[in-house]
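Engineer: predicted model and sequence below, questions to follow.
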Amino acid sequence: MSLSLRAHFQIAMVASIVTALGVANWFLEPTRTPLWLVAIGTMAVIWVVVLILERVAAASQTEAERHLLVASAVTAGLLLSASLALALAGKLGLADETLRDRVQGVVMGLVLVAMGNFLPKFVPSLAAKRCSPARAQSAQRFAGWAFVLAGLGYAGAWIFLTPSYAKKVALLAGAAATILVIWRLAWLFVARGDKPPPT
């Protein structure tokens, strides 16, 4: 089954927003034309990749994989939109550098929360890797919670702390979540049977 009309509409809307913001930045700051063109082109490439994957792998994709594909494309577009909007706001004198850093930090934190919320719903087939579905699902829930908590910490740091401390705390939160998830996934491949990971 191919992507729904709604999914294509969502990607098209985000692509249109990225294009509009890129063109606005282009008019206000033509000296950075390559940067704006890269942003617009990146979203266009993402959309093309989604279309190609839909045609090539539609028959083998599960519903969860299609949702992940659309969510990834939309998230990438929203990140590009946020960056372009912040650049535009700075050019119009609506946001200083500190505010731009804070908004970008909060957006990145929210992306981690969204990714963590979606991970447990995305259940790839791990049978070929000799992983039981129960262990795979448990690891995905663990990864989901790790990224949700990291995202909340990331966003909270940029909301409540000074920029110098926010960078350190956000980096620590993201690194801790990544290390924990890698450790848990590694346990999937070294453990035997359904033995739970050590606590």
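Structural biologist: Sure thing, it's come through. What you see is a predicted model; the values in this text were computed from it and never measured.

Engineer: buried set for the helix or strand where residue 53 lies?
Structural biologist: Per DSSP states H and E: residue 53 is located in helix 33-57. Across helix 33-57, burial judged by 16 or more other Cβ atoms under 10 Å covers 35, 36, 39, 40, 43, 46, 47, 50, 53, 54. C-beta coordinates here come from the backbone N, C-alpha and C atoms, glycine included.

Engineer: ditto for stretch 62-75
Structural biologist: By neighbour count with 16+ other Cβ under 10 Å, stretch 62-75 contains the buried residues 66, 67, 68, 69, 70, 71, 73, 74, 75.

Engineer: for that stretch, what is the average pLDDT?
Structural biologist: Here stretch 62-75 scores 78 as its mean pLDDT.

Engineer: convert that stretch to CSV, retaining C-alpha atoms only.
Structural biologist: Output in CSV follows, covering the C-alpha atoms of stretch 62-75 (Å, rounded to 0.1, in the frame of the first residue of the first chain):
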residue,chain,number,x,y,z
THR,A,62,4.7,-1.9,6.8
GLU,A,63,2.3,0.8,8.0
ALA,A,64,4.7,1.7,10.8
GLU,A,65,7.6,2.1,8.3
ARG,A,66,5.5,4.4,6.1
HIS,A,67,4.5,6.5,9.2
LEU,A,68,8.2,6.7,10.2
LEU,A,69,9.2,7.8,6.6
VAL,A,70,6.6,10.6,6.6
ALA,A,71,7.4,11.6,10.2
SER,A,72,11.1,11.8,9.3
ALA,A,73,10.5,13.9,6.2
VAL,A,74,8.1,16.3,8.1
THR,A,75,10.5,16.6,11.0
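
Engineer: tell me the contacts of the residue lying closest to residue 115 once chain neighbours are set aside?
Structural biologist: In space, and not counting its chain neighbours, residue 115 is closest to residue 147: 5.3 Å by Cβ to Cβ, 6 or more residues apart in numbering. In this structure, residue 147 makes contact with 112, 113, 115, 116, 119, 177, 181, judged by Cβ atoms under 8 Å, 6 or more residues apart in numbering.

Engineer: domain boundaries for this protein, per the record?
Structural biologist: 1-95, 116-199 (automatic domain parsing).
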